[in-house]
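Q: got a sequence here, can you model it:
(chains A, B, C and D)
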Protein chains: 2
Amino acid sequence: MKYSVVIVEDHILLSQALSGLVDGFAKFKILYICKNGKELLTRLKDPKNIPDIVLMDINMPIMNGIETTAALKEEYPQVKVLALSVEEEEKTILKMLRAGAKGYLLKDTEKSILENALIEVQETGFYHTTDVTNLLLGSLQPKKDNTVILKDRELEFIKHACTEKTYKEIAGDMFLSPKTIEGYRDSIFEKLNLKNRTGLVIYAIKNKIFTP
Amino acid sequence: MKYSVVIVEDHILLSQALSGLVDGFAKFKILYICKNGKELLTRLKDPKNIPDIVLMDINMPIMNGIETTAALKEEYPQVKVLALSVEEEEKTILKMLRAGAKGYLLKDTEKSILENALIEVQETGFYHTTDVTNLLLGSLQPKKDNTVILKDRELEFIKHACTEKTYKEIAGDMFLSPKTIEGYRDSIFEKLNLKNRTGLVIYAIKNKIFTP
DNA sequence: TTTAAAAAGGGGCTTTTACCCCTTTTTAGA
DNA sequence: TCTAAAAAGGGGTAAAAGCCCCTTTTTAAA
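A: Below is the predicted model of the structure:
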């Protein structure tokens, strides 16, 4: 009996190609393919559709890999998630692992490593490359706490600040007094150690609050 | 006799998966796989390594798809290039086609479309989805000329403007008078139709003058 | 129900930006 | 070599941004 695998990946060509790859592995077979997290959750409502492993991409429209993995952990904890992404950013990887992924593979790996990862995840419950292991160890270190919490209203303001609008105009758009907006700005500058609006725009883009 | 295909793609997993896919097609076989354009050019020096078609990714380190396609067109014009990318931006697609690609496929397509594209490219010399065809037609239209030419010194200034520095500080760094810097700013705002520095920062990032 | 703190709004001030219009110097083309 | 451009520099001004310190209102928690 082969273990069943579901692929969740928005690029159809890649998912179909991967599907062929996995079907070629001795111990695994593809159950079906989804284009995003929402589709997966819908499919899983039928118990016949619950696989052993989900091969999950992170960057997807509609419902991304992190949200989907978290939802999966809630409702179907027995399903093992193996993350598969081009994303090498530490934060993203940690988010995915915290959401409950059992392993993290970069798309830039050999197929034999994929097969190995699937076997490990199925049989021992987890798989990590040395890269990711080192990252995990690093994340346990003292670590300067730069997890600044920005409130919803502040995030909304930041998006407006990434346009050519003046603060007065932003105030109008957000139905707030210009002075309130200036208050947001000042406290954000303080929290994030910024000097001016240019710095804020760069911060917003780096942290994906705003996408140009 | 099957037609030979070479895959040039930096993500090994995708290239291996694609390889399996193409080998499954009746009329095609994979000759070998390369991780970037440079590797391909090295390999091609041996005449046995010259394929009928190259499946080329655009975003690659070391030597990207556009450069590689241009080089290929120079030295091996008989080799047909089929571009394969996630990039949907009009400019990029046009650049690739101008470099000599015979077709452009988004990674978000069915494998049957890939097979079809390979057949078309091999037998008729080109293949384009309706999307790309429309784009081509659009690019022939009157077209508002937005190819603004920015001088080297201006580009340098823009990079500085994407920091928290004041114009006075930028002037210091560029060994120019603050008034000259303001002159740069004013003429750039004029040319690019911008209202303020925030707009300039967004423009710079969108156009890859500055990468955050 | 009291209380503390967060959110919203404001006054007054300095610096920086942005936008005029103008001169001198440098560069390159006819 | 002349000449017409860019490039570089400048003065003045109004608006916007940034930075204090302060009050009122709302929210949540004890």
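
Q: interface residues of chain A facing chain B?
A: Near chain B, the residues belonging to chain A are A:10-14, A:16-18, A:20-21, A:24, A:84, A:86, A:105, A:107-111, A:114, A:161-164, A:194-199, A:201-202, A:205-206, A:212 when assessed by CB under 8 Å from any CB of the partner chain. From N, CA and C alone the C-beta is placed, and that goes for glycine too.

Q: the closest residue to residue A:107 other than its chain neighbours: what's it in contact with?
A: The spatially closest residue to residue A:107, leaving aside those adjacent along the chain, is residue B:11, at 4.3 Å (CB to CB, 6 or more residues apart in numbering or on different chains). With CB atoms under 8 Å, 6 or more residues apart in numbering or on different chains as the criterion, the residues that contact residue B:11 are A:86, A:107-108, B:57.

Q: could you measure from residue B:11 over to residue A:36?
A: Taking CB to CB, to the nearest Å as the measure, residue B:11 falls 20 Å from residue A:36.

Q: cool, and residue A:67?
A: Using CB to CB, residue A:67 is found at 10 Å from residue A:36.

Q: same question for residue A:186.
A: 39 Å.

Q: follow-up on the earlier one: between residue A:67 and residue A:36, point out the one with more neighbours.
A: When residue A:67 is set against residue A:36 and neighbours are counted by other CB atoms under 10 Å in any protein chain shown, the residue ahead is residue A:36, at 18 against 15.

Q: that one touches residue A:59, doesn't it?
A: No: contact status for residue A:36 versus residue A:59: not in contact, 10.5 Å apart, counting by CB atoms under 8 Å.

Q: report how many residues lie close to residue A:98.
A: Residue A:98 is flanked by 12 other residues according to other CB under 10 Å.

Q: with residue A:179 instead?
A: Applying other CB under 10 Å, we find 9 other residues in the vicinity of residue A:179.

Q: below-threshold pLDDT in chain A: ranges please.
A: Along chain A, the parts satisfying pLDDT under 70 run over A:87-88, A:137-148.

Q: which parts of it sit against DNA strand D?
A: Of all the residues in chain A, those in contact range of DNA strand D (CB under 7 Å from any atom of the strand) are A:166-168, A:182-183, A:185-186, A:189, A:195-198.

Q: pull out the buried residues from these.
A: With burial judged by 16 or more other CB atoms under 10 Å in any protein chain shown, the buried subset of the residues of chain A next to DNA strand D is A:167, A:185, A:197-198.

Q: which one of the residues you listed is nearest to DNA strand C?
A: residue A:198 (7.1 Å; CB to the nearest atom of the strand).

Q: element containing the residue positioned nearest the centre of chain A, please.
A: Computing the C-alpha centroid of chain A and ranking residues by CA atoms, centre = their mean puts residue A:66 first, at 4.0 Å. With secondary structure defined by DSSP states H and E, residue A:66 is part of helix A:65-75.

Q: please identify the helix or strand for the residue nearest to residue A:14 when sequence neighbours are not counted.
A: Nearest residue to residue A:14, sequence neighbours excluded (CB to CB, 6+ apart): residue B:14, at 5.6 Å. Here residue B:14, judged by DSSP H and E, is contained in helix B:12-23.

Q: tell me how far the helix or strand just after that helix lies from the chain's centre.
A: Beyond helix B:12-23 in the direction of the C-terminus, DSSP H and E gives the next helix or strand as strand B:28-34. How far strand B:28-34 lies from its chain's middle: 22 Å, per CA atoms, centre = their mean, to the nearest Å.

Q: okay, the angle between strand B:28-34 and helix B:65-75?
A: Relative orientation of strand B:28-34 and helix B:65-75, computed by axes from the mean of the first three to the mean of the last three CA atoms, to 10 degrees: 110 degrees.

Q: got a list of contacts for strand B:28-34?
A: Outside of strand B:28-34, the residues within contact range by CB under 8 Å, 6+ apart are B:2-9, B:15-16, B:19, B:22-23, B:40, B:43, B:49, B:51, B:53, B:115, B:118.

Q: show only the entries of those found in helices.
A: For the contacts of strand B:28-34, membership in helices holds for B:15-16, B:19, B:22-23, B:40, B:43, B:115, B:118, with DSSP state H as the criterion.

Q: pull out the buried members of these.
A: Looks like the ones in helices among the contacts of strand B:28-34 have B:15-16, B:19, B:22, B:40, B:43, B:115, B:118 buried, using 16+ other CB under 10 Å.

Q: related to what we said a few turns ago, need the buried ones from the residues of chain A next to chain B selected in ChimeraX.
A: The command below creates a ChimeraX selection of those among the residues of chain A next to chain B that count as buried (16+ other CB under 10 Å):
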select /A:10,11,12,13,14,16,17,18,20,21,84,86,105,107,109,111,114,161,162,163,194,197,198,199,201,202,205
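
Q: before we move on, back to that, tell me which two in the residues of chain A next to DNA strand D are the farthest apart.
A: Of all pairs drawn from these, the one with the largest separation by CB to CB is A:168 and A:195; the distance is 21.1 Å.

Q: can I get the CA coordinates of the host helix or strand of residue A:159 in PDB?
A: Residue A:159 is part of helix A:152-161 when elements are defined by DSSP H and E. What follows is helix A:152-161, C-alpha atoms only, in PDB (Å, rounded to 0.1, in the frame of the first residue of the first chain):
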ATOM      1  CA  ASP A 152      -4.600  47.300  12.300                       C
ATOM      2  CA  ARG A 153      -5.200  51.100  12.000                       C
ATOM      3  CA  GLU A 154      -1.400  51.700  11.900                       C
ATOM      4  CA  LEU A 155      -1.000  49.200   9.100                       C
ATOM      5  CA  GLU A 156      -3.700  50.800   7.200                       C
ATOM      6  CA  PHE A 157      -2.100  54.200   7.700                       C
ATOM      7  CA  ILE A 158       1.300  52.800   6.500                       C
ATOM      8  CA  LYS A 159      -0.300  51.600   3.200                       C
ATOM      9  CA  HIS A 160      -1.600  55.100   2.700                       C
ATOM     10  CA  ALA A 161       1.800  56.600   3.500                       C
END
